[in-house]
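Colleague: Just to be clear, the model below is a prediction. Sequence and coordinates:
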Amino acid sequence: MSDLTNQLPNLDENCFKRPDLMLLDPQKASRHSPRFLLLYGSLRERSYSKLLTLEAARLLEAMGAEVKVFDPLGLPQPDAAPDSHPKVKELRDLATWSEGMVWCSPERHGAMTGIMKSQIDWIPLSVGAVRPTQGKTLAVMEVSGGSQSFNAVNQMRILGRWMRMFTIPNQSSVAKAFLEFEEDGRMKPSSYYDRLIDVMEELVKFTLLTRDVAPYLVDRYSERKESTEAVA
């Protein structure tokens with residue numbers, strides 16, 4: 001019996017791995033542009049969550065990223081259509097393609113919108129051996145019609161954790177959003193705009209830092225143990 005087993009009798013030594021600094025240094029760093037999927041949570045003709053999302057997309061592209069914005073119009077409610085529905089397939093394919101995401105929702109009745117939640121609910125935790133969200137970065141944003149609030153971003157943080165994403169520390173919450181955009185849809189200069197730049201900059205940095213080592217970062221003892229027991 002090893003010293004480790006003596007010290008930790010409940011530990012499966014065959015599945016235990018000491019964290020290794022060398023494994024956090026990829027042998028060959030990716031050189032392609034980081035890929036981001038952006039989701040917004042409103043179908044209004046003048047949707048401020050969409051306008052904020054499009055402003056974020058412009059900033060990400062200026063920072064060298066490849067960006068795709070999903071249009072939720074036509075996406076059925078979860079379980080109301082088969083997985084083969086074109087909008088569902090589009091969303092899932094984009095989730096798999098991406099290395100990071102931005103979620104932006106209006107705050108309605110003190111919470112994220114149903115439109116936002118439906119999109120997230122259509123992204124599965126796993127498809128066969130592929131987990132579309134695990135180990136990917138996430139930035140959360142919200143807009144509100146009244147005073148500043150953080151209910152929607154806090155809810156989305158919980159969902160990001162549940163989907164095993166790396167949600168960055170910074171976030172954006174734009175109060176009285178109807179005052180923050182020009183008629184042409186572009187965001188006005190303000191501290192809110194400056195914060196948006198901060199959030200996108202942080203998202204790109206965290207994505208570049210983690211994307212090549214994400215499989216190692218999310219590798220878990222409990223899952224290694226389950227796999228070993230299943231094989232046995």
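Modeller: Nice, I can see it.
Colleague: and residue 172, what are its bridge partners?
Modeller: residue 141 (DSSP bridges).
Colleague: Distance check, it against residue 200.
Modeller: Using Cβ to Cβ, to the nearest Å, residue 172 is found at 9 Å from residue 200. Glycine gets a C-beta too; all of them are placed from N, C-alpha and C.
Colleague: Of those two, which one has the most company?
Modeller: Taking neighbours as other Cβ atoms under 10 Å, residue 172 and residue 200 compare with residue 200 leading, 27 against 23.
Colleague: That one falls within a helix, correct?
Modeller: Yes - under DSSP: H, G, I helix; E, B strand; the rest coil, residue 200 falls within a helix.
Colleague: Tell me where this structure is predicted with low confidence.
Modeller: 1, 128-130, 231-232 (pLDDT under 70).
Colleague: any idea how far the spatially most central residue of it is from residue 220?
Modeller: The residue lying closest to the centre of the chain (Cα atoms, centre = their mean) is residue 138, at 3.1 Å. The span separating residue 138 from residue 220 equals 19 Å under the rule Cβ to Cβ.
Colleague: Could you count how many residues lie near residue 213?
Modeller: Other residues lying near residue 213 total 15 when counted by other Cβ under 10 Å.
Colleague: which residues does the closest residue to it other than its chain neighbours contact?
Modeller: Counting by Cβ to Cβ, 6 or more residues apart in numbering, the nearest residue to residue 213 once its immediate chain neighbours are dropped is residue 24, at 5.4 Å. By Cβ atoms under 8 Å, 6 or more residues apart in numbering, the contact list for residue 24 reads 213, 216, 217.
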